[in-house]
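> this one's sequence-less:
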């Protein structure tokens, strides 16, 4: 089961209560724009807002905070692996180009390294289609 971000959690709980962003915002004495930013994971509620927010949404503060921590953890892992899958082909291609220019690589080794670069690109493309 995929873990939720804080924004996704707030959105689902608010919808379950049949509340609009404006209604939630009014109860918290904030703007509906702030609620919108929370739900899109652009910003987070102020720490002092959590008790009242949890009360309105009918959950514990701990439940809201757990959603936030797990969502950030998942995003960080995905970002790191995606970044590696973008950097590896570039690094291998640059390395092969430089080594070829200075005549320090055998053509079979160059082809093998470029094959690894193509494999990394294929994996990245496959993963993007999965999401």
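Alright, I've got the coordinates. Remember, predicted model here, so these are calculated numbers, not experimental data.
> mind listing what's buried in stretch 31-40?
Along stretch 31-40, the positions that meet the burial threshold by neighbour count (16 or more other CB atoms under 10 Å) are 34, 35, 36, 38, 39. Glycine gets a C-beta too; all of them are placed from N, C-alpha and C.
> show me the domain layout of the chain.
The record assigns the chain these domain ranges, following automatic domain parsing: 6-72, 80-130.
> just those: most buried one?
Per-residue neighbour counts averaged over each of these give the maximum for domain 6-72, namely a mean of 16 (mean count of other CB atoms under 10 Å).
> and that one, what's its mean pLDDT?
Taken as a whole, domain 6-72 carries a mean pLDDT of 88.
> who does the lengthiest helix in the chain touch, helix- and strand-wise?
Taking DSSP state H as the assignment, the helix of the chain that covers the most residues is helix 61-101. For helix 61-101, the packing partners by 3 or more CB pairs under 8 Å, 6 or more residues apart in numbering; DSSP states H and E come out as helix 6-16, helix 50-57, helix 107-130.
> on that earlier part again, filter the buried residues of stretch 31-40 down to the ones in strands?
For the buried residues of stretch 31-40, membership in strands holds for none, with DSSP state E as the criterion.
> and the residues you listed, which two are furthest apart?
34 and 39 (9.9 Å; CB to CB).
> sorry, back to before: reformat the buried residues of stretch 31-40 as CSV; add distance to residue 104.
As requested, those are arranged in CSV below (distance: CB to CB, whole Å):
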residue, distance to residue 104
34, 58
35, 59
36, 56
38, 54
39, 54
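> which of those lies closest to residue 15?
When the buried residues of stretch 31-40 are compared for distance to residue 15 (CB to CB), residue 39 comes out closest, at 9.8 Å.
> tell me the contacts of that closest one?
Under the criterion of CB atoms under 8 Å, 6 or more residues apart in numbering, the contact list for residue 39 reads 7, 8, 10, 11, 14, 21.
> mind doing that once more with 7 Å?
Residue 39 is in contact with 7, 10, 11, counting by CB atoms under 7 Å, 6 or more residues apart in numbering.
> quick one: it and residue 107, what's the gap?
Per CB to CB, to the nearest Å, residue 39 is found 54 Å from residue 107.
> ok, residue 20 next?
Taken as CB to CB, the span from residue 20 to residue 107 is 65 Å.
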